Structures are given as structure tokens and as C-alpha cells.
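Asks: Model the structure of this input:
(chains A and B)
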There are 2 protein chains.
Amino acid sequence: MTTRPHRRGLLVNEALTLIRDGILDLSIAPGEHLNERYLMTRFKISRTPAREALNRLAAEDLVDIHPNRGAFVRPLNATELKELFEALRVAERLACYFCNFDDPELIVDIKHIHDEHLRAVRERRILDISYWYREHRSRIIETSANRHIIGFCYRIFDQMRRVVSLIYRFEMGQADFPQHQLRLLKRYHADVLAHLQGRDRRRLLEAFLAQADTFERRVADALLRSRTIDFLELGRPLSAGSSAGTAPKSG
Amino acid sequence: MTTRPHRRGLLVNEALTLIRDGILDLSIAPGEHLNERYLMTRFKISRTPAREALNRLAAEDLVDIHPNRGAFVRPLNATELKELFEALRVAERLACYFCNFDDPELIVDIKHIHDEHLRAVRERRILDISYWYREHRSRIIETSANRHIIGFCYRIFDQMRRVVSLIYRFEMGQADFPQHQLRLLKRYHADVLAHLQGRDRRRLLEAFLAQADTFERRVADALLRSRTIDFLELGRPLSAGSSAGTAPKSG
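Replies: Below you'll find the predicted structure:
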């Protein structure tokens, strides 16, 4: 009996990780209804941990809880994307403004993150690509040592992981993948590294904002040209019945 | 039996409101240890709602949960204040940048908030003073219609409520209260209103940043000159035994 709270904690954390990863790599579709019963069955947890997992995902802004309708994966429709890119530009600005170039581990860590990021693209691991995308920026804003600013940026970069997944799910279907993406990414990494080493906030920001522009174009491309996934369905939480059917499958 | 989850929900919400209000008006001291057993006894709730209340306060950044030591009210020491004012200036900047002056209710609502704010100062209601402080800024950033930006600003303005409480707890003990504060506040309100009506983002920001400067000076004053409250103790979570004794009392 004494081990129960611990065991329960583990179950919640395991379930939480699985659900979160599913949301981030879009194998659980934006707008999808996540009811407690479904979580209880799928992850073999009881009602309290299922509810706790949903509350924690809501606290991370990945899930919306509507009082009488239940929990839904945060949509990723045109409105959401517009708001997210607006917030991303704020977060990039903060990262550049508050970056502490004196952090002695910064350059080494960024190089490591770049290598892992490239490897994930080469090996077509979507969840990891978005993870290293997030780590790149998170590592920079982390140097600010301001918990409020860090907290905001983490949330935005976490939300951006779904956008990264959306882009890569689309681009992996194209003939020039991954050569084209690796070329783009290497050039971008080299720019960021040079500006970090040169302690040049202005050019660092320019590099980030240019990448945000590129990203926005790539999302538009994915949304307009994809035929394999009905992206127009993404983020319509009210059509709960159909959204599961439009979810892109993992792998 | 069917009413239990509902009843439980009410209990959590009631307890949550009481604890949150106590944290915001500093009647529960920064750094204070909030263990589950204490919450269970004080608010007559069982372990699960007590834990849920703590998790929600942690999600609001009002409480820190340390894995093996338990939950503590977020400190309000020099480091915290520095970070908070840094983040406040970011939030003010965002409020001015993203404010949508076309919101047809904005001016009417702001006037109402100003009136209530002045009344709360006149009547020495600390919790309400900080509430209307928060509402003022929240109403402006709300017009941005960007959930990410709004979420960040809300968090910062909520944290600032504790700073407002700290200042007013000190200033209420002074001879010229509330006349001096009412004069300052009226002038500030008039400026903000004029810039909102004139749709002047730059001057609106200047008014906000000037108030942030004034606030920072008033906090320094309260910290340096107060003898009734041992402010140096605020935010030392490890001296758990003594922190309750240094908590300023309500009213």
C-alpha cells in the first residue's frame, strides 16, 4: 500500500509522455477529443491519473478543457498558426535580447544540438527533429536566467514542435528530401553559430526571424499542397467524430 | 454518490481561491511551506483535492513544488523581484504593441476599472487594489486576441499582485496615505486614458514604463524602511519553521 502513490505517479508520467509525444508529432490529431474513458482504456490508468494527465497537458497549452464538452487537443488551424507565429517572433526577439553570451557551455551545447538535429532529419525521426528544434532555442533563452521569460519561450517552442512535425510530415513525401532540408539547415546553423560567437544580437535576431519567415512559407506549402492529410480538418474540435479519421499516422 | 465529483470540484475551487488570495495579499508569506496535511486541516479537504490545489497553484507560478521537500509559496526576494520587473517591462511592451485600439468597449471598461481601483485604495482593500491593478493591464492585452501573449501577460500581472500588496501594506502605515497615492494614481490613469484615446502606443508605453520605475522605487522603499514586517525573511523557503511567524496578517 505504501508504494501506491509512487506507482501512480509513474503511470501518470508514462501516460503523459505518450500522449504528449503523440500530440507533438501529430499522431494524435489537432482538435481530437481526448476523453477520460479513452485515456483510461488506452493507457490502462484509472480516472484520477487520466484527469491529472489532461490537467497537466492543459497547463502546457497542448490541450483545451471545455467545461461541459471535455478535453480537446489544441487545434492547429489558420487562427492558431497566425497567433503562434506572432508569439514565436516575440519569443525569438526575447531570446536574442536576453541571451547571455558569457555562458561558458553555450557554444559547445549548441554545436551538439545542431549535430543531433541534422542526424534526426537524416534519419527521418519527426519527434526528434521537433525536439532538437525546441532544444536549440531553449538552450539560448535558458542563459537569460529569467524564469518568467524562459517559461513563456518554452511554451511557444513546445507549441512550435507541432508546426515542425506538420512541415516535416509533408516534406518527407517529396523527392528532394532530406538533401534540400539538410542544406537549408546547415546554412542556418552556421549563421546562428557565427552570430553567437560574434555576440551579435541584431544579426542573430535576423537569422531567427528569417527562419520564422521560411517556416511560415513551408507551413503554407504543406497546408495548400498536401493531399495525404486533410489539413483543413485540423483544429475543428466540434466535428469530434471525424477528427480521429483524419489523424496522420505515425512513422 | 453521483454528486461527489461536483462537490469535490467545489471544495477544490473554494480552497484554491482562499489559498490564492492569501498568497496574493501576502497573508500567506512568500517562501511559506504549504504541505498537503496543513491544507487538508485548514480547508477541510482530503488529500487528492489538496494535491490538485497545489498543482494548480504551481501551474499559475504562485507555488514551487520541489520533488522531495514539498510545496512552497514562490519567494519574493531580490532575485525574484529583479526577474519580475524585467518580465513586467516585456509584458508592458507587448500590451502596448499588440493593443487593439478598435475594441469598442475598451475605454468604457478602463474607466470603470480606474474608478474601482481608486475606490479600493480609498477603502484600503489590499486584495482588491492588486486585483484592479491586474485588471487594468489585462483588459488592454486582452484586445490583442493572441492567446499566447495574453497568457504570458496574465501570469506576470498575477505575480505583480504580490508586489502591489507588498507596497500597499507598507504605504498604508504612512501618514499621507491614501491622499498621496490617490493623487499619483489619478494622474497615471488620466495619462493612460489619454494615450488610449489618442491611440498613441509610444506614449502609452512611456506611461507604463514610468509607472514600473515608480513601482520599483516604492518596493525598494518598502523593503528598506519597513520595520513591521521582516521583509528580509521573504522568500527563504528553507527556513520553513520561521517563515509562518513573519507572515504579515490580513486587514
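Asks: Tell me where the stretch 101-250 of chain A has helices.
Replies: Ranges of helices within the stretch 101-250 of chain A are A:106-122, A:126-142, A:147-171, A:179-197, A:201-225, A:240-243, based on DSSP state H, counting those that start in this stretch.
Asks: Chain B contacts on the stretch 101-250 of chain A?
Replies: Near chain B, the residues belonging to the stretch 101-250 of chain A are A:145-149, A:151-152, A:155-156, A:159 when assessed by C-beta under 8 Å from any C-beta of the partner chain. Bear in mind the C-beta positions are built from the backbone N, C-alpha and C, glycine included.
Asks: thinking again about what came up before, mind putting the helices of the stretch 101-250 of chain A in JSON lines, distance to B:Met172 included?
Replies: Shown next, in JSON lines, are the helices of the stretch 101-250 of chain A (distance: least, C-beta to C-beta, whole Å):
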{"stretch": "helix A:106-122", "distance to B:Met172": "46"}
{"stretch": "helix A:126-142", "distance to B:Met172": "39"}
{"stretch": "helix A:147-171", "distance to B:Met172": "28"}
{"stretch": "helix A:179-197", "distance to B:Met172": "49"}
{"stretch": "helix A:201-225", "distance to B:Met172": "43"}
{"stretch": "helix A:240-243", "distance to B:Met172": "53"}
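Asks: how close does the residue nearest to A:Ile129 when sequence neighbours are not counted sit to chain B?
Replies: Among residues not flanking A:Ile129 along the chain, A:Ala120 sits closest, at 4.6 Å (C-beta to C-beta, 6 or more residues apart in numbering or on different chains). Distance, A:Ala120 to chain B, by C-beta to the nearest C-beta, to the nearest Å: 26 Å.
Asks: Which residue, other than its chain neighbours, is closest to the residue most central in space within chain A?
Replies: Geometric centre of chain A, nearest residue: A:Arg161, 1.6 Å, by C-alpha atoms, centre = their mean. Nearest residue to A:Arg161 in three dimensions, chain neighbours excluded: A:Ser130, at 3.7 Å (C-beta to C-beta, 6+ apart).
Asks: Relative to B:Asn68, how far out is that neighbour?
Replies: A:Ser130 sits 32 Å away from B:Asn68, going by C-beta to C-beta, to the nearest Å.
Asks: Mind checking which of those two has more residues around it?
Replies: Ranked by neighbour count (other C-beta atoms under 10 Å in any protein chain shown), A:Ser130 and B:Asn68 place A:Ser130 first, with 27 against 4.
Asks: show me the contacts for that one.
Replies: For A:Ser130, the contacting residues are A:24-25, A:160-162, A:164-165, A:168, by C-beta atoms under 8 Å, 6 or more residues apart in numbering or on different chains.
Asks: Out of those residues, which comes closest to A:Ala190?
Replies: Nearest to A:Ala190 among the contacts of A:Ser130 is A:Val164, at 19.7 Å by C-beta to C-beta.
Asks: returning to what we had before: need the contact list for the residue nearest to A:Ile129.
Replies: A:128-129, A:131-132.
Asks: at 6 Å instead, please
Replies: A:Ala120 is in contact with A:128-129, A:132, counting by C-beta atoms under 6 Å, 6 or more residues apart in numbering or on different chains.
Asks: Likewise for A:Phe157?
Replies: Counting by C-beta under 6 Å, 6+ apart, A:Phe157 touches A:134, A:137-138.
Asks: what about chain A, any weak spots by pLDDT?
Replies: A:1-10, A:226-251 (pLDDT under 70).
Asks: Name the nearest residue to the residue in the stretch 151-251 of chain A positioned nearest to chain B, ignoring sequence neighbours.
Replies: The nearest approach of the stretch 151-251 of chain A to chain B comes at A:Phe152, 4.4 Å away (C-beta to the nearest C-beta). In space, and not counting its chain neighbours, A:Phe152 is closest to B:Phe152: 4.4 Å by C-beta to C-beta, 6+ apart.
Asks: same thing with A:Gly22?
Replies: Per C-beta to C-beta, 6+ apart, closest to A:Gly22 is A:Ile28, 3.8 Å.
Asks: And that neighbour, how close does it get to A:Arg119?
Replies: 25 Å.
Asks: Can you pick out the residue with more neighbours from those two?
Replies: Using other C-beta under 10 Å, the more surrounded residue of A:Ile28 and A:Arg119 is A:Ile28, with 23 against 13.
Asks: is it fair to say that one lies in a strand?
Replies: No - under DSSP: H, G, I helix; E, B strand; the rest coil, A:Ile28 sits outside any strand and is assigned coil.
Asks: For the residue nearest to A:Leu127 when sequence neighbours are not counted, list the residues it contacts.
Replies: Closest residue to A:Leu127 apart from its sequence neighbours, by C-beta to C-beta, 6+ apart: A:Asp25 at 4.5 Å. If you count contacts by C-beta under 6 Å, 6+ apart, A:Asp25 has them with A:126-127, A:165.
Asks: number of nearby residues for the residue nearest to A:Phe152?
Replies: The number of residues packed around B:Phe152, counting by other C-beta under 10 Å, is 27.
Asks: Whether stretch A:51-68 contacts chain B - can you check?
Replies: Yes - against chain B, stretch A:51-68 shows contacts by C-beta under 6 Å from any C-beta of the partner chain at A:Ala59.
Asks: what comes up buried for that stretch?
Replies: A:51-57, A:60, A:62-64 (16 or more other C-beta atoms under 10 Å in any protein chain shown).
Asks: what's the closest of the residues you listed to B:Glu216?
Replies: Distance to B:Glu216 across these (C-beta to C-beta) is lowest for A:Glu60, with 31.7 Å.
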